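Chemist: this is a predicted model, with the sequence first.
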Amino acid sequence: QVQLVESGGDLVQPGGSLRLSCAASGTISSINAMGWYRQAPGKERELVAVITKNGNTNYADSVKGRFTISRDNAKKTVYLQMNSLKPEDTAVYYCNMNILEMYGIYSRNYWGKGTQTTVSS
């Protein structure tokens, strides 16, 4: 059974920084793309950033230049460094990983349960 567990969400003032982490555990053979999504109240879940297995990254326009996604393959962990936070960044942040389980044939997407980030003075 594969599980993703996020951490690092908090209440922070505008202009502040946070670092989110998401660690995968279970019978994992390999992990392809890793990503972060967010969902604000009353809005649909949206892609924030994604990083491929070989390190290529892509960001939503709203976070470019402020957020940085990275991964540690040995630790099966993805990070999201968030700087210059704005109130509109307030949301539940979810991590997503495309994982091939041990003895599996096809990879599939897994989601964490989310971590709340609130940007407010």
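Modeler: Done, it's in.
Chemist: in what helix or strand does the spatially most central residue of the chain lie?
Modeler: Central residue of the chain (C-alpha atoms, centre = their mean): Trp36, 2.8 Å from the mean position. Using DSSP states H and E, Trp36 sits in strand 28-39.
Chemist: so which bits of that strand are buried?
Modeler: Of all the residues in strand 28-39, those buried under the rule 16 or more other C-beta atoms under 10 Å are 28, 31, 33-38. To be clear about C-beta, it is placed using only N, CA and C from the backbone, and glycine gets the same treatment.
Chemist: helix, strand, or coil at the residue of the chain most remote from its centre?
Modeler: Seen from the C-alpha centroid of the chain, the residue lying at the greatest distance (C-alpha atoms, centre = their mean) is Tyr103, 25.9 Å away. The three-state label for Tyr103, taken from DSSP: H, G, I helix; E, B strand; the rest coil, comes out as coil.
Chemist: quick one on the thing from earlier: if I read this right, the residue nearest to the centre of the chain contacts Cys95, doesn't it?
Modeler: Yes - the pair Trp36 / Cys95 is scored as a contact, 5.7 Å apart, by C-beta atoms under 8 Å.
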